[in-house]
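[1] give me a model of this one.
(one chain, ligands or ions: 1)
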Amino acid sequence: MTHSLNIAVIGAGTSGLLTARELLRENHRVTVFEKSNRLGGTWLYEPQVEAGDVLHLDPNRSVVHSSLYSSLRTNIPRPLMGFSYYSFEDKSYGDPRMFPGHEEVLKFLQDFANEFGITEVIRFNSEVVRVDSLDGDFVVEWRTMEVGSVAEVFDAVVVCSGHHTEPRIADDVPGIEEWSRKQTHSHNYRVPEPYRDQVVVVIGNGTSALDISREIATVAKEVHLSSRSLNVKVSKLDVYENIWQHSKINRVYDDGTVFFQDGDSIGADVILHCTGYKFHFPFLRTNNIVHVDDNRVGPLYKHVFPPQLAPRLAFVGLTYNQGVHFQMFELQSKWVALVLSGKISLPSKDEMLADVHKHYREMEDNGIPKRYTHSLGFKFEYVDWLASQVGLQIDDRLKVICRNFSEQYLNIHGTNVWRITGRGFVDDKEETLLVLDHSDVRFFLDDGCCFSPADFSIENLENMFIGGGDSCDGSGSGGRGGSSGINRSTVVVMVDQ
Ligand SMILES: Cc1cc2nc3c(=O)[nH]c(=O)nc-3n(C[C@H](O)[C@H](O)[C@H](O)COP(=O)(O)OP(=O)(O)OC[C@H]3O[C@@H](n4cnc5c(N)ncnc54)[C@H](O)[C@@H]3O)c2cc1C
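    The predicted structure is shown next:
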């Protein structure tokens, strides 16, 4: 029988809930500290936003944790957003879409926490303000409105506090400090209304930048997307009358003028930074054993254990994999739980450090900037490695879905194409549609396969989906056998640029 440890978990988002579940499975005593009054972390939509200057954030400001916007849908297909033993795909909360709205994910996490007795071990409204190592143990100081600060000793701490809250700003844009007009970050974006009749510059090229600019364009006078990608030429986006794509910004002036490297210039009212987030652990006191340097949290063995404090300090949820996020967190938390139970051994401290430095060297050799240390793209090596440690395997079906999804995603990125996704019927079977551009229509099937119907036109598709109405006589044809139709009443559309 393994020795039961007293373990603090910081955060009740996806990572914290999974970690609590795995630690409870191993019969450890678990306390989850959650500063909010509800679980869900990122997926707990908060309509209010932070006030103040995004360029000079006050460390004592009242922080809003979630960065979700009201219309947000998952950017990963539904089958990839569950856990190995608790499927999201099988849950029906009323949203049939392959990329459901954020409310669905929150319900899923709430159900998960209730079903596995995790909710009972969460201390809500309890913010951890200090984690100090103390002769092999950890002092955790936490604060509530009622009680004030309390310090408690734990055998181990697992940090699951998330990393999509502290805005990263494009502060290297010449003149940005002097810009006297409004400047904000996607962390503070909820709905388009505040941008009505404004000329908005959106900096960024990721999912949020693309989603948000499209949404703002419904009310704004003009939206100008500025991307760091090379070879971007100024161009108006198809279908939208008021969105332009630009290269990087050359300089901004305090009279509102923005000069782009493509030679164009505009007068803008607002700059909206959709430029990502910083890792931030204000509570962590490790005498610099673990530190953040240009968004690299380190040194961490396999992104989880700091060699000098392992296994009593661990991090779950730092890695970003665009395929199987949730299962990756599940595997990390299982690994942590089994190591803490003594069922899996870690290499020696020196071996772990050597592995970390090898990883850093490889990144350097490949010209990958430090700030991408924890970004794993669509690669499965790391997830497979974790799975092998804990004696599991990632379902092949998920890998196929992920591979097809990533191919589409990579095709979309960096090019001016339309993506329309939604569920529809092909030969009477409900499928997911992924439309890549005006001439390339593909059905992305639930089993991971793709095919292109021969005689499908984007005009049909747009009329059917965007034109509204509820008749069921979809006019597209094609598909396998050529006789299929699309049922417009069941198709929900997402259009990305
Ligand atoms: C706009 C946006 C869209 C996204 N879309 C997707 C998607 O489609 N699919 C996907 O898989 N992922 C998506 N993600 C990534 C998402 O963040 C992860 O999927 C996942 O929710 C991260 O979970 P987490 O538990 O690690 O962190 P979080 O969800 O951030 O949870 C951290 C928790 O820790 C708590 N906390 C923090 N500090 C303290 C403290 N000091 N004391 C106590 N509690 C604390 C917070 O209140 C929070 O509840 C998206 C992220 C963003 C920002």
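
[2] in space, what's closest to residue 118 - neighbours in sequence excluded?
    The spatial neighbour of residue 118 that comes closest, neighbours along the chain excluded (CB to CB, 6 or more residues apart in numbering), is residue 20 at 4.7 Å. Just so you know, the C-beta spots here come from the backbone N, C-alpha and C atoms, and that holds for glycine as well.

[3] distance between the stretch of helix or strand that neighbour belongs to and the chain's centre?
    For residue 20, the element it lies in under DSSP states H and E is helix 14-25. How far helix 14-25 lies from its chain's middle: 19 Å, per CA atoms, centre = their mean, to the nearest Å.

[4] and stretch 369-379, by the same measure?
    13 Å.

[5] same thing with stretch 83-99?
    On CA atoms, centre = their mean, the centre of stretch 83-99 falls 18 Å from the chain's centre.

[6] which bits of the chain sit near the ligand?
    10-16, 33-36, 41-43, 65, 67-68, 72, 74-76, 81, 127-128, 160-162, 164, 208, 283, 317, 325-326 (CB under 6 Å from any ligand atom).

[7] try it again with 5 Å
    11, 13-15, 33-36, 41-42, 65, 67, 74-76, 127-128, 161-162, 164, 283, 317, 325 (CB under 5 Å from any ligand atom).

[8] out of the residues you listed, which sit inside helices?
    14, 15, 325 (DSSP state H).

[9] nearest to residue 150, of these?
    Nearest to residue 150 out of these is residue 15 (CB to CB; 23.7 Å).

[10] for the ligand, give me its nearest residue in the stretch 201-350 of the chain.
    residue 317 (2.8 Å; CB to the nearest ligand atom).

[11] list the contacts for the residue in the stretch 51-200 of the chain that the ligand sits nearest to?
    Closest residue of the stretch 51-200 of the chain to the ligand, CB to the nearest ligand atom: residue 162 (2.2 Å). The contact partners of residue 162, by CB atoms under 8 Å, 6 or more residues apart in numbering, come to 11, 13, 15, 41, 42, 65, 317.

[12] looking at the residues you listed, which one is closest to residue 138?
    Nearest member of the contacts of residue 162 to residue 138, counting by CB to CB, is residue 11, at 15.4 Å.

[13] residue contacts, the closest one?
    Per CB under 8 Å, 6+ apart, neighbours of residue 11: 32, 33, 34, 41, 159, 160, 161, 162.

[14] change it to 7 Å
    34, 41, 160, 161, 162 (CB atoms under 7 Å, 6 or more residues apart in numbering).

[15] and what of residue 55?
    Contacts of residue 55 (CB under 7 Å, 6+ apart): 169, 171, 177, 183.

[16] leaving out sequence neighbours, find the closest residue to residue 68.
    Nearest to residue 68 is residue 45, by CB to CB, 6+ apart, at 4.8 Å.

[17] please, where are all the helices along the stretch 1-150 of the chain?
    14-25, 102-115 (DSSP state H, counting those that start in this stretch).

[18] most packed of those helices?
    helix 14-25 (a mean of 26; mean count of other CB atoms under 10 Å).

[19] redo the helices of the stretch 1-150 of the chain as JSON lines? Include mean pLDDT.
    Listed next are the helices of the stretch 1-150 of the chain as JSON lines, based on pLDDT from 0 to 100:
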{"stretch": "helix 14-25", "mean pLDDT": "98"}
{"stretch": "helix 102-115", "mean pLDDT": "97"}
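
[20] among those helices, which is nearest residue 136?
    helix 14-25 (18.4 Å).

[21] what packs against the closest one?
    If contacts are counted by 3 or more CB pairs under 7 Å, 6 or more residues apart in numbering; DSSP states H and E, helix 14-25 sits against strand 6-10, strand 29-33, helix 102-115, helix 325-340.

[22] of the ones you listed, give the one that comes closest to residue 290.
    strand 6-10 (13.5 Å).

[23] buried sites along the closest one?
    Buried residues in strand 6-10, counted by 16 or more other CB atoms under 10 Å: 7, 8, 9, 10.

[24] what about the strands in the stretch 301-450 of the chain?
    313-315, 320-321, 375-377, 419-426, 429-437, 440-444, 450-451 (DSSP state E, counting those that start in this stretch).

[25] same check on the stretch 1-150 of the chain?
    Going by DSSP E, counting those that start in this stretch, the stretch 1-150 of the chain shows strands at 6-10, 29-33, 122-123, 127-134, 137-144, 148-154.

[26] single out the most deeply packed of those strands.
    strand 6-10 (a mean of 25).

[27] contacts for that strand?
    16, 19-20, 23, 28-33, 128, 140, 154-161, 340.

[28] then stretch 196-203?
    With CB under 7 Å, 6+ apart, stretch 196-203 has contacts from 170, 209, 212-213, 216, 219-226, 249, 258, 266-275.

[29] what do you get for stretch 383-398?
    Residues contacting stretch 383-398 (CB under 7 Å, 6+ apart): 79-80, 84, 321, 324, 327-328, 331-332, 334-335, 338, 344, 380, 448.

[30] same question for it, mean pLDDT?
    For stretch 383-398, the per-residue pLDDT values average out at 92.

[31] can you give me how far that stretch is from the chain middle?
    That offset, for stretch 383-398, works out to 21 Å (CA atoms, centre = their mean).

[32] and stretch 351-359, by the same measure?
    The answer for stretch 351-359 is 27 Å, by CA atoms, centre = their mean.

[33] with stretch 108-122 instead?
    21 Å.

[34] ok, now stretch 362-376?
    With CA atoms, centre = their mean, you get 19 Å for stretch 362-376.

[35] buried residues, it. List them.
    373, 374, 376.

[36] now swap in stretch 84-98 and tell me
    For stretch 84-98, by 16+ other CB under 10 Å, it's 84, 86, 88, 91, 97, 98.

[37] and if you look at stretch 58-74?
    Buried-residue list, stretch 58-74, by 16+ other CB under 10 Å: 63, 64, 65, 66, 67, 68, 69, 72, 73, 74.

[38] surely residue 129 meets residue 139?
    No. Using CB atoms under 7 Å as the test, residue 129 is too far from residue 139 to be in contact (11.2 Å).

[39] which SS state does residue 175 fall under?
    coil (DSSP: H, G, I helix; E, B strand; the rest coil).

[40] now do the same contact list for the nearest residue to it once chain neighbours are set aside.
    What sits nearest to residue 175 in space, not counting adjacent residues and going by CB to CB, 6+ apart, is residue 252, at 4.3 Å. Residues near residue 252 by CB under 7 Å, 6+ apart: 173, 175, 176, 179, 258.

[41] picking up where we left off before, in JSON lines: the helices and strands packed on helix 14-25, plus distance to residue 393.
    What follows is the helices and strands packed on helix 14-25, written out as JSON lines (distance: least, CB to CB, whole Å):
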{"stretch": "strand 6-10", "distance to residue 393": "26"}
{"stretch": "strand 29-33", "distance to residue 393": "27"}
{"stretch": "helix 102-115", "distance to residue 393": "21"}
{"stretch": "helix 325-340", "distance to residue 393": "10"}
